[in-house]
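In: sequence unknown, structure follows:
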């Protein structure tokens, strides 16, 4: 019933027949403002960090609608995007009802204004048809310098963190969707490509795989809103930390290691592989360094699983093997979009021998949250032992996090805290731990050796929190680039409308680290900074692999 108290009066007030599309847009903006006024937790921080003010941005959006009496769907999307993304918050995205999309069967990444082919879908571009290889430089894209093409895409994404914005623009360069509010190209496009070791540039023409827009504006008549709405399913007791970014992934069986959340990453084998995991959820292996040390490699692609219990069982098997055989562990968490809080905690519990302190959150709360908390109190108060706890709260219901009498007591304290904060007159709580879990206790099977954790600009939300927890507890050395800085849990809001908005998101907490600094916008700064080099893109990340193994050598001295 989240948001019902805030939204229902507004919906009832605007169910009259609308006369124009502009009226519909104004109504949707009023709805969004109501939600963000009631629920947007980082508002105070955003005022300090980015001079953000909800009333000011709402006035700008209203003025933009009123200034254009013949508003189009495309115009409205820009207004909605500017209104929401003014928060500079990767969680508060918006998606639109749209079928339009376009993609090219390749991926381009770069550094220092040089861009390279890093993935080619050979099911669509055979070597005979496309005589170029991964590592070849894409000098021009559509008749302009590739750097300018990337910057053009980046200009469509309201600014937030420069490094992450640029990485997103690279991702969108060859995969655009109308649902994300991007301009969608079609027709032929020419790429100017320079092969590795050559000075010559060869032009080659491709064509966008284009799907047209099949859903058009309804015209000027119709009901402004319907009370048939999809209420958010997330609650304070099952929070989520993830981002939603619309990008077409390569179809099975083709694997693109540059997608967010992919099981395999772009990082090649770090040495001679002597053992490999035979499970299906995690990519993991043991390799030998040049001096004969056995080192573990473990890919954590996201904090989400189709079957949490199966994932944790496989993870435990890997950790047990690593503990017995390896001298250190490399965790690859690049391109991680986040996921479930409690699953993240369950994974972390197997990577330390001491309890791990967790971030505290200031959480937005409503009457609906208080009602939920009172229900939780009724159920949890009767628990007297582990058996009782497991009858009421199964690990499956908590995304794999182990259930015990102690966990039930932490949850009970959490529910009581929510009620007490509301009774104290606060709609944004004082800092407190999600689920009352202030420390993650070590699991029965856990890893005790040194850990090198790899991060990059495309680690979001849970992909921010995992390195934050590990760094704050001095459990890992982090190497790579800083994470995106999506620092809270999030909720999806979807209400029937006639302006083509599919859903929008609201960040409902703002977390603080042990240092009391927020994660939001600041992200996690690595202990060892590493930016990919042109040589990495052209020669299978040789510099990156060498740098990783150098750090592994430091950890295993």
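Out: Received, thanks. The structure presented is a predicted model; accordingly, all values stated were derived computationally and were not measured. Numbers count the residues shown, from 1 in each chain.
In: neighbours around residue 434, how many?
Out: Residue 434 has 24 neighbours, counted by other Cβ atoms under 10 Å. C-beta: built from backbone N, CA, C; applies to glycine.
In: residues touching it, list them.
Out: 239, 341, 358, 361, 414, 489, 509 (Cβ atoms under 8 Å, 6 or more residues apart in numbering).
In: In JSON lines: those residues, plus secondary structure and pLDDT.
Out: Converted to JSON lines, these look like this (DSSP: H, G, I helix; E, B strand; the rest coil; pLDDT from 0 to 100):
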{"residue": "239", "secondary structure": "coil", "pLDDT": "81"}
{"residue": "341", "secondary structure": "helix", "pLDDT": "95"}
{"residue": "358", "secondary structure": "coil", "pLDDT": "97"}
{"residue": "361", "secondary structure": "strand", "pLDDT": "97"}
{"residue": "414", "secondary structure": "helix", "pLDDT": "96"}
{"residue": "489", "secondary structure": "coil", "pLDDT": "95"}
{"residue": "509", "secondary structure": "strand", "pLDDT": "97"}
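In: quick check, nearest of those to residue 553?
Out: residue 358 (31.3 Å; Cβ to Cβ).
In: That closest one and residue 349 touch, don't they?
Out: No. Judged on Cβ atoms under 8 Å, residue 358 makes no contact with residue 349 at a distance of 11.1 Å.
In: Common neighbours of these two, please.
Out: residue 440.
In: which of the two has more neighbours?
Out: For residue 358 versus residue 349, neighbours defined as other Cβ under 10 Å are more numerous around residue 358 (25 against 21).
In: Just want the phi and psi numbers for that one.
Out: Here is the backbone geometry of residue 358 (degrees, to the nearest 10): phi -110, psi 160.
In: what sits against it?
Out: Each residue near residue 358 by Cβ under 8 Å, 6+ apart is listed here: 345, 433, 434, 437, 438, 439, 440, 469.
In: again, only using 10 Å
Out: 341, 344-345, 348, 433-435, 437-440, 465, 468-469, 472-473, 511, 513-514 (Cβ atoms under 10 Å, 6 or more residues apart in numbering).
In: which of the residues you listed are buried?
Out: Among these, the ones that count as buried by 16 or more other Cβ atoms under 10 Å are 341, 344-345, 348, 433-435, 437, 440, 465, 468-469, 472-473, 511, 513.
In: Sort out for me which of these are in strands.
Out: Counted as lying in strands by DSSP state E, out of those, are 433, 440, 511.
In: hmm, back to that, looking at the contacts of residue 434, which is nearest residue 368?
Out: Relative to residue 368, the closest of the contacts of residue 434 is residue 239; by Cβ to Cβ it sits at 14.7 Å.
In: Neighbours of that closest one, how many?
Out: Residue 239: 20 surrounding residues under other Cβ under 10 Å.
In: ok now do the closest residue to it other than its chain neighbours, which residues does it touch?
Out: Nearest residue to residue 239 in three dimensions, chain neighbours excluded: residue 489, at 3.6 Å (Cβ to Cβ, 6 or more residues apart in numbering). Residue 489 sits next to 41, 91, 234, 236, 238-242, 338, 341, 361, 363, 434, 461-462, 465, 507-511 when contact means Cβ under 10 Å, 6+ apart.
In: Show me how to select, in ChimeraX, the buried members of those.
Out: If you want just the buried ones from those in ChimeraX, going by 16+ other Cβ under 10 Å, the selection is:
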select :41,91,236,238,239,240,241,242,338,341,361,363,434,461,462,465,507,508,509,510,511
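In: Next, give phi and psi for residue 87.
Out: Backbone phi and psi, for residue 87 under degrees, to the nearest 10, turn out to be phi -70, psi -10.
In: For residue 485, see how far away it is.
Out: To residue 485, residue 87 is 13 Å away according to Cβ to Cβ, to the nearest Å.
In: Share the number of residues neighbouring the residue found closest to residue 78 once you drop the neighbours it is linked to in the chain, please.
Out: Of all residues not flanking residue 78 in the chain, residue 181 sits nearest, at 7.4 Å (Cβ to Cβ, 6+ apart). Using other Cβ under 10 Å, residue 181 is surrounded by 24 other residues.
In: surely residue 181 meets residue 74?
Out: Yes. Under the criterion of Cβ atoms under 10 Å, residue 181 makes contact with residue 74 at 8.9 Å.
In: tell me the contacts of residue 127?
Out: Per Cβ under 10 Å, 6+ apart, neighbours of residue 127: 120, 133.
In: What score does it have for pLDDT?
Out: Looking at residue 127, its pLDDT stands at 95.
In: and it, backbone torsions?
Out: Note on residue 127: backbone dihedrals following degrees, to the nearest 10 are phi -60, psi -30.
In: measure it to residue 463 for me?
Out: Residue 127 sits 35 Å away from residue 463, going by Cβ to Cβ.
In: now swap in residue 289 and tell me
Out: For residue 289, the distance to residue 463 equals 27 Å [Cβ to Cβ].
In: on that earlier part again, identify the contacts common to residue 87 and residue 485.
Out: 160, 520, 521.
In: Cross-check the contact I'm expecting between the second one and residue 52.
Out: Pointing back at residue 520 there. No. With contact defined as Cβ under 10 Å, residue 520 does not count as touching residue 52 (11.6 Å).
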